[in-house]
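*Asks:* Here you go, sequence then predicted model.
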Amino acid sequence: MIAIRGATTAEENSREAVLSATRELLAEMLRSNALSRESLVSIFFTGTPDITSAFPAEAARQIGPTDVALMGAQEMGVEGALPLCIRVMLHADVHMPKGDIRHIYLRAATKLRPDLVLRHA
């Protein structure tokens, strides 16, 4: 089993912006790691306290996996934190060397882990 991290930001606190950004992130996590939806075991979502219009986990249901365990939580409200940030921890039942796992950071969230963004550029 592997765990893949990811994060993105929504353009605004609207239902469609939050879900669209989350769908984009999940799709890129699957594509970049050559994962099938059938390999997914669980997906954990967090959002910053300024996301109040939608649950990011709803985006997972919109792209297809209906038998995957989902969990959502709110991040701590820390001064200076990246606004409208959605983080994901995806678990998949596949065997892959840790060095081959591609953690995905999109939009303004690239600031969170520039080391990972540059490594995969």
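*Replies:* Perfect, thanks for sending it.

*Asks:* Where do the helices of this protein begin and end?
*Replies:* 15-32, 58-63, 114-119 (DSSP state H).

*Asks:* Please identify which of those is closest to residue 98.
*Replies:* Closest approach to residue 98 among those (Cβ to Cβ): helix 114-119, 12.7 Å. Yep, even glycine has a C-beta here, placed from its N, CA and C like the rest.

*Asks:* can you list the weak-confidence ranges in the protein?
*Replies:* With pLDDT under 70 as the threshold, the chain has low-confidence stretches at 114-121.

*Asks:* still on that earlier bit, can you tell me which of the helices of the chain is most buried?
*Replies:* Each of these was scored by mean neighbour count; the highest is helix 15-32, a mean of 19, by mean count of other Cβ atoms under 10 Å.

*Asks:* How far away from the center of its chain is that one?
*Replies:* 7 Å (Cα atoms, centre = their mean, to the nearest Å).

*Asks:* swap in stretch 81-88?
*Replies:* Centre-to-centre, stretch 81-88 and its host chain are 10 Å apart (Cα atoms, centre = their mean).

*Asks:* Kindly check the end-to-end length of that stretch for me.
*Replies:* 16 Å (Cα to Cα, to the nearest Å).
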